[in-house]
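In: Give me a 3D structure for the following:
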Amino acid sequence: MRWMIYGANGYTGELIAREAARRGLNPVLAGRWRDSVEALAHGLGLEACVFDLHDPVALAERIQGHALVLNCAGPFSATAAPMMEACLRAHAHYLDIIGEIAVFEQAQSLDTRARNAGVVLCPGVGFDVIPTDCIAAALKAALPDATHLALGFDSRSGFSPGTAKTSVEGLAQGGQVRRDGKIVTVPLAYVVRRIDFGDGEKDAMTIPWGDVSTAYYTTGIPNIETFIPGSPRMIANARRANHIRPLLRLSWMQKLIKARIARTVKGPDEKKRAQVPSFVWGEATNARGEKKTARIRTANGYSLTITGSLAVVEHLMTTQPAGGAYTPARLMGADLVARLPGSGPLRVV
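Out: Coordinates of the predicted model:
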């Protein structure tokens, strides 16, 4: 079946494209920069397709005839909406590797259209948010009446350019948590607590991670917070950033910071990816104060994004799920992360 990787010339897109070619999955490699897209496609013996996302009708025509699109072009705040719309028009499944709350919420808002079109919309098929989404599903099964859910991860592999740009956008928007079923804006580092993600207890702070959206649709648990570990300096800097958020929201400031990221951030190399695993944690609590805790050690976040996204691609190539907006765990089960290379068992206690 014919399928496409859009943004194949980016850091993570190229990693996925190379592994897909090695497996003989033969994606069409697409993006808006002709030289880099065509050079990569030529080197891998794959077809190239060059286009931007500005014209929705022309975009749908480009996608027509493809079974699915895996969108790897960030920042996804700019690319996800037009690509999802084009996939609905072209009756192609949509996947991406985002961690942005707004994009997850937008996908869910398109659920009825996706059902009617027979199209699967499943953003977040990478490290954002496969491991945490699977932990959320496992905790819901272990504590069905849970009212509060905390999720988080400890990953020290460094940023790719796309992830760094998305983080800059996140700083400008502030923190987000879910309270009584609704997503609310809170200060950065809103909650600080001690957490053992699986590699020893550490200070950790809340961040606006994608599970604030997705874990709700996976579990129905109405109160959700997401955490990463942070040094005292990192936590203090996050809290200071609350005072300059209006400045960070200015378009010229965003462009300036993102231009610097494009020049200076390269993403971890293969050696570092192999050496640095990730630790993922979750905790569910019910109204009586009963708790369940889950942990899993996984491969490096970028390595998991490669294998996780391709696992979902292969699943959609060989099965015919009903159309609709999905989370990874709802589409493929809570054991998805444990089936990926480099993942240890998912333990709930």
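In: Assign the closest residue to A141 other than its chain neighbours to helix, strand or coil.
Out: Distance criterion C-beta to C-beta, 6 or more residues apart in numbering; nearest residue to A141, sequence neighbours excluded, is A334 at 6.8 Å. Bear in mind the C-beta positions are built from the backbone N, C-alpha and C, glycine included. Per DSSP: H, G, I helix; E, B strand; the rest coil, the local secondary structure of A334 is coil.
In: Tell me the span between the first and last residue of stretch 319-336.
Out: Across its full length, stretch 319-336 reaches 15 Å between end residues, using C-alpha to C-alpha, to the nearest Å.
In: what does stretch 202-210 give?
Out: Using C-alpha to C-alpha, the distance between the terminal residues of stretch 202-210 is 22 Å.
In: Next, the buried residues of that stretch.
Out: Neighbour counts using 16 or more other C-beta atoms under 10 Å place K202, A204, M205, T206, I207, P208, W209, G210 of stretch 202-210 among the buried residues.
In: pLDDT on it, on average?
Out: Throughout stretch 202-210, pLDDT has a mean value of 92.
In: Run through who's touching it.
Out: By C-beta atoms under 8 Å, 6 or more residues apart in numbering, the list of residues contacting stretch 202-210 from outside reads 98-101, 104, 124, 128-129, 132, 151-152, 154, 170, 173-177, 186, 188-197, 225-232, 234-235, 238.
In: Any idea how far that stretch is from the middle of the chain?
Out: If you compare the mean C-alpha spot of stretch 202-210 with that of the full chain, they lie 15 Å apart, counting by C-alpha atoms, centre = their mean, to the nearest Å.
In: swap in stretch 306-325?
Out: Relative to the chain's own centre, stretch 306-325 is displaced by 15 Å; criterion: C-alpha atoms, centre = their mean.
In: in that stretch, what's buried?
Out: Within stretch 306-325, the residues that qualify as buried by neighbour count (16+ other C-beta under 10 Å) are 306-313, 315-316, 323-325.
In: And for stretch 1-10?
Out: Within stretch 1-10, the residues that qualify as buried are W3, M4, I5, Y6, G7, A8, N9, G10, counting by 16+ other C-beta under 10 Å.
In: Please narrow those to those residing in strands.
Out: Assigned to strands by DSSP state E, the following of the buried residues of stretch 1-10 qualify: W3, M4, I5, Y6.
In: Might you report the residue contacts of the last one?
Out: Y6 is in contact with G13, A30, G31, V69, L70, N71, C72, A73, T79, M83, counting by C-beta under 8 Å, 6+ apart.
In: Name the member of these that has the highest neighbour count.
Out: Comparing the contacts of Y6 by number of neighbours (other C-beta atoms under 10 Å), C72 comes first, having 30 neighbours.
In: roughly how far apart are that residue and R288?
Out: For C72, the distance to R288 (C-beta to C-beta, to the nearest Å) stands at 44 Å.
In: still on that earlier bit, how about the ones in strands among the buried residues of stretch 1-10 in TSV, adding distance to A114 and pLDDT?
Out: Compiled in TSV, those are given as follows (distance: C-beta to C-beta, whole Å; pLDDT from 0 to 100):
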residue	distance to A114	pLDDT
W3	17	98
M4	18	98
I5	21	98
Y6	18	97
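In: And those residues, which is closest to A41?
Out: Sorting these by distance to A41 puts I5 at the head of the list, at 10.1 Å, by C-beta to C-beta.
In: Was I right to think that closest one contacts A30?
Out: Yes: the pair I5 and A30 passes the contact test of C-beta atoms under 8 Å, sitting 6.7 Å apart.
In: In three-state terms, label V177 for me.
Out: The three-state assignment at V177 reads strand, by three-state DSSP.
In: and the contacts of Y6 as CSV, adding distance to T218, secondary structure and pLDDT?
Out: Conversion of the contacts of Y6 to CSV gives the following (distance: C-beta to C-beta, whole Å; DSSP: H, G, I helix; E, B strand; the rest coil; pLDDT from 0 to 100):
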residue, distance to T218, secondary structure, pLDDT
G13, 26, helix, 96
A30, 30, strand, 97
G31, 31, strand, 95
V69, 23, strand, 98
L70, 21, strand, 98
N71, 21, strand, 97
C72, 23, coil, 96
A73, 25, coil, 92
T79, 24, helix, 93
M83, 23, helix, 96
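In: which residue sits closest to the residue nearest the centre of the chain in space, ignoring its chain neighbours?
Out: Of all residues in the chain, the one closest to the mean position by C-alpha atoms, centre = their mean is D128, 2.7 Å from it. Spatial nearest neighbour of D128, excluding adjacent residues (C-beta to C-beta, 6+ apart): G99 at 3.0 Å.
In: residues in contact with that neighbour?
Out: G99 is in contact with G124, D128, V129, T166, W209, G210, counting by C-beta under 8 Å, 6+ apart.
In: Phi first, then psi, for it.
Out: Backbone torsions for G99, taken as degrees, to the nearest 10, come to phi -140, psi 20.
In: Is L95 part of a helix or strand, or is it coil?
Out: Using three-state DSSP, the structure places L95 in strand.
In: what about it, neighbour count?
Out: Taking other C-beta under 10 Å as the criterion, the count of residues near L95 is 27.
In: separation between it and L29?
Out: Between L95 and L29 the distance, using C-beta to C-beta, works out to 15 Å.
In: circling back to that earlier point, turn the contacts of G99 into CSV, including distance to A142 and secondary structure.
Out: Putting the contacts of G99 into CSV (distance: C-beta to C-beta, whole Å; DSSP: H, G, I helix; E, B strand; the rest coil) gives the following:
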residue, distance to A142, secondary structure
G124, 22, coil
D128, 23, coil
V129, 19, strand
T166, 31, helix
W209, 21, coil
G210, 22, coil
